[in-house]
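Enquirer: 3D, please:
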Amino acid sequence: MDTKVPPSDLLEQLGKLLLAEEGSDVAFSVGGENFPAHKIVLATRSHVFEAQLYGQMKENMACRVTVEDIQPKVFKALLQFIYTDALPQWDDLHAEEYCEISRHLLAAADRYAMDRMKSLCNVATTLALADQHNCDRLKDVCIEFMASSDEMDAVVKTEGYANLKRTCPSILVDVLEKNIRKHTT
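Expert: Numbering: from 1, shown residues only. Purely as a prediction, here's the structure:
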């Protein structure tokens, strides 16, 4: 009997849960915008949210939490990453705008201890900046990271990679060559 198991759609379903706002039990007020969410999902993905929502530093069992020092667009992207393990596609941003939002995303990822998000935000943007400013050693480290078999799939899914492909395609040739050399030795 040949049974095919359908691919997992868990992340898609969690993304729909975030968008539908159904069953949300906490709302974040960020820059005047409201972001409903689910405490258990946030706590599962971030020990900072876990401490904030369930631990000793919990917001007095509040259903509304005000977040300072983060732009609404960045907080929305953070929530999207928490629920879907993917960053938004911002095709409408120019390279400078993308670098700026990436810096804010990196700060938010650090604030909420989202290490995977930090790595994804950082590497493609850093590579583009390293190439732009002739920082060859930093460029080599980024290329090595991207060429590692465990990380390349995740990096390719980021907007940073898409931006890199649009603005600095020659760098991707370096990544490809590094990956090929790695697999032939």
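Enquirer: how close does the residue lying closest to residue 86 once chain neighbours are set aside get to residue 168?
Expert: Among residues not flanking residue 86 along the chain, residue 157 sits closest, at 6.0 Å (Cβ to Cβ, 6 or more residues apart in numbering). Placement of C-beta: from N, CA and C, glycine included. Distance, residue 157 to residue 168, using Cβ to Cβ, to the nearest Å: 18 Å.
Enquirer: who's in contact with residue 146?
Expert: 123, 124, 127, 152, 155, 175 (Cβ atoms under 8 Å, 6 or more residues apart in numbering).
Enquirer: kindly recompute the last result at 10 Å.
Expert: Contact analysis of residue 146 by Cβ atoms under 10 Å, 6 or more residues apart in numbering lists 123-124, 127, 152, 154-156, 161, 164, 171-172, 174-176, 178-179.
Enquirer: same thing with residue 34?
Expert: Residue 34 sits in contact with 21, 27, 28, 64, 72, where contact means Cβ under 10 Å, 6+ apart.
Enquirer: among those, which ones are in strands?
Expert: Under the assignment DSSP state E, these contribute 27, 28, 64 to strands.
Enquirer: just give me the closest of those to residue 143.
Expert: Residue 143 has its nearest neighbour among these in residue 28, at 36.9 Å by Cβ to Cβ.
Enquirer: kindly provide the distance from that closest one to residue 73.
Expert: In terms of Cβ to Cβ, residue 28 sits 13 Å off from residue 73.
Enquirer: likewise for residue 142?
Expert: Per Cβ to Cβ, residue 142 is found 25 Å from residue 73.
Enquirer: quick one, which of these two is more surrounded?
Expert: Per other Cβ atoms under 10 Å, whichever of residue 142 and residue 73 has more neighbours is residue 142, with 26 against 16.
Enquirer: element containing the more buried one?
Expert: Assigned by DSSP states H and E, residue 142 belongs to helix 136-147.
Enquirer: other residues contacting the following helix or strand past that helix?
Expert: Following helix 136-147 in sequence order, the next helix or strand is helix 152-156 (DSSP H and E). For helix 152-156, the external contacting residues (Cβ under 10 Å, 6+ apart) are 85-86, 116, 119-120, 123-124, 127, 142, 145-148, 161-162, 164-165, 172, 175-176, 179.
Enquirer: domain assignment for this structure?
Expert: Following automatic domain parsing, one gets these domains for the chain: 12-85, 115-185.
Enquirer: wait, which of these is closest to residue 6?
Expert: domain 12-85 (11.8 Å).
Enquirer: how far out from the middle of the chain is that closest one?
Expert: Centroid separation for domain 12-85 versus its chain: 15 Å, with Cα atoms, centre = their mean, to the nearest Å.
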